[in-house]
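Asks: Quick one, structure for this:
(4 chains)
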Number of protein chains: 2
Amino acid sequence: MNAVPPLSPESAAPEAAGPAFSPLYRQIKALIVRSLQAGEWRPGEAIPSEMELAARFRVSQGTVRKAIDEMATENLLLRRQGKGTFVATHAEQKVQYRFLRLEPADEAVAPGPVERLFLDCRRLRAPAEVARALDMKAGETVAQIRRILSFGGTPAVLDEIWLPGTLFKGLTAERLSEYRGPLYGLFESEFGVHMVRADEKLRAVPAGPDEAELLRVPVGTPLLSVERRSFTYGDKVVELRRGLYHTAKHHYRNELS
Amino acid sequence: MNAVPPLSPESAAPEAAGPAFSPLYRQIKALIVRSLQAGEWRPGEAIPSEMELAARFRVSQGTVRKAIDEMATENLLLRRQGKGTFVATHAEQKVQYRFLRLEPADEAVAPGPVERLFLDCRRLRAPAEVARALDMKAGETVAQIRRILSFGGTPAVLDEIWLPGTLFKGLTAERLSEYRGPLYGLFESEFGVHMVRADEKLRAVPAGPDEAELLRVPVGTPLLSVERRSFTYGDKVVELRRGLYHTAKHHYRNELS
DNA sequence: AAGTGGTCTAGACCACGAT
DNA sequence: TCGTGGTCTAGACCACTTG
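Replies: Here you go, the predicted model:
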């Protein structure tokens, strides 16, 4: 027994250009991703057990397992032995601020909670550059947020965030201030947009006048510029973010392999 | 049949504090790592087939496979379907400069080859800070290299590299200049030291007088400071490196998930 | 005790590369 | 054609969590 007909490897990619062969577990994975995308299971909830999914897709448990394995290493799902497999979430997670790589330079300093201050939240027509990065037409409306993150009273991050207007309709400064925890948690629960992965481009730049004042540093101070594009399911860009990090007492940590 | 006696799960971690249980495939993985460490197979060479390893360790092919799977995702090994499984190498690899995340900001610009210029290569007693980072006693001898990387004639990276003297005995400026390709390739073939992973701390800093001259930028220009510790098998630190990246025409790329 | 994910095995067959 | 890694299955048992 190989697979239920509509799942047979041939049916997946009959084109001449693409990969000629797609293993069964990848097709299962794609189906599970589609269910996540459709909101069949919400962030934080458990998905069906491996046995149930195996029965549903008419494959063996091992095949489902391999599909889930990949999704777990991509941080789409979270396995907990004895309990089940859960949809990853940015809210109420042990590791808050999953995408923030900034950490205290001095190991002795306890990290402490992050203070969030929202400067403004507006809706406007997307500048050409922003529209291009967000895969939108120039002139469509976007939401723009500016905010500051502080550690122990000292401002360390100045963020400028751009979001597609259609996805974030009722976004206001008020709702931002009320919400506790990371922005991505709010995006999930209030707008049903789950950030799955991101890429970043880092540069060292001098602080401009406005930025210097907001971060309380002299004009020209070197800052770490972090340009991030965030994606949901299906590799769709849903956020453009430009962060300026003051790296006197913090640094950006990265692991290579 | 579970395992050959000396591999029984119990024997792996009888301590009270540590993890009470270590699956068989992790024990196999540890054995393979030990063989790599001992140089049984050199970088670029093929290791024995899964079947051979299964016979050697008296486990099933699936168990060996899971061990190798983990090592492949950690970039210790490289699987090539139909050919075999190979020891990862920094030399003669498609992706040269595996640990260098700098790339041209303008996508239109072809990357082109990197030009390397060695400024000096000395042996000296390790400053306290360097000794601590390299897990050495203060005063032991270390090798220090300074060099510049240029792209298309424009200097972009100024590196200062510290290596334990005991591991890199015959290291001279001459041998550095002669070798083609990434430093880590030379470390592998000439000194038998294979870099397996690294961590980095990034900051934005102003260019000092010397640095400014070498990188041909004005004093005070913001530079991206990249402090890297590199590890061999067994999590042993074997390199400390401080890079200053000029990020006007390049940026440091990172992926988050 | 029951249900979940985690491990291990054994065997069949497929895709790929070299010969 | 052969040997390699890659996929898929089926079944047994283990470890962890909850009732």
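Asks: my guess is A:F118 meets A:R147, correct?
Replies: Yes. When contacts are counted by Cβ atoms under 8 Å, A:F118 is listed as touching A:R147 (4.7 Å). C-beta here means a position set from N, CA and C on the backbone, and glycine is covered the same way.
Asks: where do the contact lists of the two overlap?
Replies: By the contact definition Cβ atoms under 8 Å, 6 or more residues apart in numbering or on different chains, A:F118 and A:R147 are jointly contacted by A:L176.
Asks: Of the two, which one has the most company?
Replies: A:R147 (20 against 15; other Cβ atoms under 10 Å in any protein chain shown).
Asks: what about whatever helix or strand that one lives in and chain B, any contact?
Replies: Following DSSP states H and E, one finds A:R147 within strand A:141-151. No. Figure legend: strand A:141-151 not in contact with chain B (Cβ under 8 Å from any Cβ of the partner chain); closest approach 15.3 Å.
Asks: Just the C-alphas of that strand, formatted as PDB.
Replies: C-alpha atoms of strand A:141-151 as PDB (Å, rounded to 0.1, in the frame of the first residue of the first chain):
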ATOM      1  CA  THR A 141      -2.700  51.700   2.300                       C
ATOM      2  CA  VAL A 142      -0.400  50.500   5.000                       C
ATOM      3  CA  ALA A 143      -0.300  50.800   8.700                       C
ATOM      4  CA  GLN A 144       2.800  52.400  10.200                       C
ATOM      5  CA  ILE A 145       3.900  51.900  13.900                       C
ATOM      6  CA  ARG A 146       6.800  53.600  15.600                       C
ATOM      7  CA  ARG A 147       7.800  52.500  19.000                       C
ATOM      8  CA  ILE A 148      10.700  52.300  21.500                       C
ATOM      9  CA  LEU A 149      11.800  49.300  23.500                       C
ATOM     10  CA  SER A 150      13.700  50.000  26.800                       C
ATOM     11  CA  PHE A 151      15.600  47.900  29.200                       C
END
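Asks: which residues sit against it?
Replies: The contact list for strand A:141-151 (Cβ under 8 Å, 6+ apart) reads A:104, A:111-112, A:114-126, A:130-131, A:134, A:136, A:155-166, A:168, A:171, A:176, A:183, A:214-215, A:249-250.
Asks: Now do whatever helix or strand comes next after it against strand A:141-151, angle only.
Replies: Next along the chain after strand A:141-151, taking DSSP H and E as the criterion, comes strand A:154-164. Angle of strand A:154-164 versus strand A:141-151, following axes from the mean of the first three to the mean of the last three Cα atoms, to 10 degrees, is 160 degrees.
Asks: For strand A:154-164, name the packing helices and strands.
Replies: strand A:141-151, helix A:209-215, strand A:236-245 (3 or more Cβ pairs under 8 Å, 6 or more residues apart in numbering or on different chains; DSSP states H and E).
Asks: can you pull out the strands in chain A?
Replies: Ranges of strands in chain A, per DSSP state E, are A:46-47, A:77-80, A:84-87, A:102-104, A:114-125, A:141-151, A:154-164, A:197-206, A:222-232, A:236-245, A:250-256.
Asks: got any ranges where the stretch 151-257 of chain A has weak pLDDT?
Replies: By pLDDT under 70, the stretch 151-257 of chain A has no low-scoring segment.
Asks: Contact residues of it facing chain B?
Replies: A:196-206, A:220, A:222-225, A:227-228, A:245, A:247, A:251-257.
Asks: Any chance of a ChimeraX selection covering the buried ones in those residues?
Replies: Buried subset of those, written as a ChimeraX selection, criterion 16 or more other Cβ atoms under 10 Å in any protein chain shown:
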select /A:196,197,198,200,201,202,203,204,205,206,222,223,224,225,228,245,247,251,252,254,256
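Asks: mind checking pLDDT for A:P111?
Replies: In this model, A:P111 is scored at 65, pLDDT.
Asks: Just want the angle from the strand holding A:R147 to strand A:236-245.
Replies: Interaxial angle of strand A:141-151 relative to strand A:236-245 (the same axes, to 10 degrees): 40 degrees.
Asks: What residues sit buried inside strand A:141-151?
Replies: Neighbour counts over strand A:141-151 (16+ other Cβ under 10 Å) mark A:V142, A:A143, A:Q144, A:I145, A:R146, A:R147, A:I148, A:L149, A:S150, A:F151 as buried.
Asks: cool, stretch A:164-177 as well?
Replies: A:P164, A:G165, A:L167, A:F168, A:L171, A:L176.
Asks: Output the below-cut-off pLDDT ranges for the stretch 1-150 of chain A.
Replies: A:1-19, A:108-111.
Asks: Give me the contact list for stretch A:125-138.
Replies: Residues from elsewhere that reach stretch A:125-138 (Cβ under 8 Å, 6+ apart): A:G139, A:E140, A:T141, A:V142, A:W162, A:P164, A:R229, A:K236, A:V237, A:V238, A:E239, A:L240.
Asks: Help me confirm that the last one comes into contact with A:R228.
Replies: Yes. Contact criterion Cβ under 8 Å: A:L240 and A:R228 qualify, at 7.4 Å.
Asks: what's the burial count for the closest residue to A:G152 other than its chain neighbours?
Replies: Computed as Cβ to Cβ, 6 or more residues apart in numbering or on different chains, the closest residue to A:G152 that is not its neighbour in sequence is A:G112, at 5.6 Å. Number of residues near A:G112 (other Cβ under 10 Å) recorded here: 10.
Asks: picking that back up, got the strands of chain A as TSV, with distance to B:S22 columns?
Replies: Shown next, in TSV, are those (distance: least, Cβ to Cβ, whole Å):
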stretch	distance to B:S22
strand A:46-47	28
strand A:77-80	18
strand A:84-87	23
strand A:102-104	30
strand A:114-125	37
strand A:141-151	38
strand A:154-164	41
strand A:197-206	31
strand A:222-232	36
strand A:236-245	40
strand A:250-256	24
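Asks: got a markdown table for those, with distance to DNA strand D too?
Replies: Output for the strands of chain A, formatted as a markdown table (distance: least, Cβ to the nearest atom of the strand, whole Å):
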| stretch | distance to DNA strand D |
| --- | --- |
| strand A:46-47 | 11 |
| strand A:77-80 | 7 |
| strand A:84-87 | 9 |
| strand A:102-104 | 27 |
| strand A:114-125 | 29 |
| strand A:141-151 | 32 |
| strand A:154-164 | 35 |
| strand A:197-206 | 21 |
| strand A:222-232 | 24 |
| strand A:236-245 | 25 |
| strand A:250-256 | 23 |
